[in-house]
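# Got a predicted structure here, sequence first:
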Amino acid sequence: MTSSVRVWPAVPRLIDGLWLLILMGFVVAGLPLATFHGDEAMQIYTSHDYAIAFIERSPERLTTAPPYPIDSDPHLRILNGTINRHTIGLSWHLAGLTTGDLPPRPGWDWGLSYPDNVATAHRPSDLLLNVSRVSSTVLLALSVGVLFALGWQFGARVGTPRRRVIAYLASGLYALNPVILLNGRRAMQEGSLLFFGLLTILIAAIISRRRAAGQSDSVGWWALLALSGGLTLASKHSGIVFVIAALVWVGAAELTRLRWRALVAGAARLAVSAVLIAGLFLLLSPALWNDPLARVGDLLAVRAELLDIQVAVEPAAPLTLTDRITAIFTQPFVTAPAHFEVAHWGEVPAVQAEIARYMAAPLSGLQFGPLIGGALTALSVGGLIILLRRIVGPADPVARALAAGLIAWVGLTALSMLVNPLPWQRYYLPLIPAMTLLASVGVGVVLHRFCLQTAAVGQSI
């Protein structure tokens, strides 16, 4: 009898683990099928910095200073995060490849046609490309587990008594989202951005939940928040949206309690965490070591210059305010995956063949379309309404803290989308997990109420 009591509680946990392994395996299995993007070649080219830092042990050579000619090494270093290029370098190093196998500068030459890039070896070999995708894809797969844990935080707190419902819904919808899969499987910055960004959000949710429940929020949790936040910024500079959202999550949760002494203490911890995040980001960014304040100014100036160029060459840019608002509601679930941003790529037979092969494969994910995607969008709005009611209604402190945090995350991410003038889909990736969690809350509550009504009808019969 005692042994059965010990065994049965472990069964749901084993099912949880199996569920996550299946989803993660699904993510990784589609790695070689993902269509090629020119920025993959650029990221792979910049991975020679791994050799400079870790093989030649000369990280000081990675510092930068003006000027920054377009597509020069200093230009690419100050514009891009470091995590992806170094993990790509580690991948090809472990695979027995060398810097001699990398494409020539700048990786992909956007001034050349697609065939000319291929002819001049700017497109990486299939072996190098697939090896370089491993780190981003693995981190994307791990981010599925992070979103599962985030959904777990909301279980039994937002209208459904079963903790696992929202966790399963959120992780499943996220792992099957075709936009997430396509971009995260590529040798680009998105895989590390999503993993470390979501990890930062998760730690913020745990801290706010523990404080709302009157439990200890040890220094270890705040240290993890700083660590994950710094890694998020070092993954991709736009990860600042995740970092700010995480800090605001904790702050918003504190405001729901209106305990001023705790609020002051929490604000002090947040300030220290923000400083540590910035410090770790600088430590992981050799391009900024030479006079950090000046280099950060250079980064912002070079980023603004690049954005002006992108807007000038993109026919649909700048987006109108109406278009930006529409994209917030359509990009997460309704819009089909965008395989490229440059229009003439659609005329290249090799690109068309890659897209056809990928989209025909079940591993490309669940193509939601207008019907399912529209329903998920409506459910995410419903989830938002449910959370708003938890804040103003007679909910327990933990429910209010979690609701305030998720609303802050969604709101800040949506605001960042409003200042984006480009229609490029991958810029909306940070919004997808937040909207997925909202939709899961909506689905979970609808399912719970449906079960209650079904049970009531059964009893009346």
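Everything's here; your move.
# For this protein, which element, helix or strand, carries the lowest mean pLDDT?
helix 2-7 (a mean of 48; mean pLDDT, DSSP states H and E).
# After that helix, which helix or strand is next? Please name it.
The first helix or strand that comes after helix 2-7 along the chain, using DSSP states H and E, is helix 10-29.
# list the buried ones in that next one?
Neighbour-count burial for helix 10-29, counted by 16 or more other CB atoms under 10 Å, picks out 16, 19, 20, 23, 24, 26, 27, 28. The way it works is simple: take the backbone N, C-alpha and C, and place the C-beta from them, glycine included.
# Nearest to residue 392 among those residues?
residue 16 (32.9 Å; CB to CB).
# Setting the sequence-adjacent residues aside, check what's closest to that closest one.
Counting by CB to CB, 6 or more residues apart in numbering, residue 16 lies nearest to residue 164, which is 7.1 Å off, once chain neighbours are set aside.
# Hey, what's the angle from the host helix or strand of residue 131 to helix 10-29? Just curious.
Per DSSP H and E: residue 131 is located in helix 126-154. Taking axes from the mean of the first three to the mean of the last three CA atoms, to 10 degrees, one finds that helix 126-154 is oriented at 150 degrees with respect to helix 10-29.
# can you pull the buried residues of helix 126-154?
128-154.
# For the closest residue to residue 243 other than its chain neighbours, give me its contacts.
What sits nearest to residue 243 in space, not counting adjacent residues and going by CB to CB, 6+ apart, is residue 229, at 4.6 Å. Listed by CB atoms under 8 Å, 6 or more residues apart in numbering, the contact set of residue 229 reads 200, 242, 243, 246, 247, 273, 276, 277, 280.
# The same query, at a cut-off of 6 Å, please.
Contact analysis of residue 229 by CB atoms under 6 Å, 6 or more residues apart in numbering lists 200, 243, 277.
# And it, how close does it get to residue 216?
21 Å (CB to CB, to the nearest Å).
# Need the three-state assignment for residue 110.
coil (DSSP: H, G, I helix; E, B strand; the rest coil).
# excluding its backbone neighbours, what's nearest it?
residue 38 is the one closest to residue 110 (CB to CB, 6+ apart), at 6.7 Å.
# ok, the one you found touching residue 108?
Yes: using CB atoms under 6 Å, residue 38 is in contact with residue 108, at 3.6 Å.
# Which of these two has more residues huddled nearby?
Between residue 38 and residue 108, counted using other CB atoms under 10 Å, the more crowded position is residue 108 (23 against 18).
# pLDDT score for that one?
Residue 108 is assigned 97 on the pLDDT scale.
# change the start of the numbering to 15 and stick with it
Noted, 15 is the first residue going forward, which turns the last one into residue 122.
# And it, its phi and psi?
phi -120, psi 130 (degrees, to the nearest 10).
# Just the buried positions in stretch 224-233, please.
Result for stretch 224-233 [16+ other CB under 10 Å]: buried residues 224, 225, 226, 231.
# what residues are up against the first one?
It refers to residue 224. So residue 224 contacts residue 231 (CB under 6 Å, 6+ apart).
# Now with 7 Å, please.
230, 231 (CB atoms under 7 Å, 6 or more residues apart in numbering).
# ok, now the last one?
With contact taken as CB under 7 Å, 6+ apart, residue 231 is in contact with 221, 224, 225.
# can you do 10 Å?
220, 221, 222, 223, 224, 225, 239, 264, 279, 280, 283 (CB atoms under 10 Å, 6 or more residues apart in numbering).
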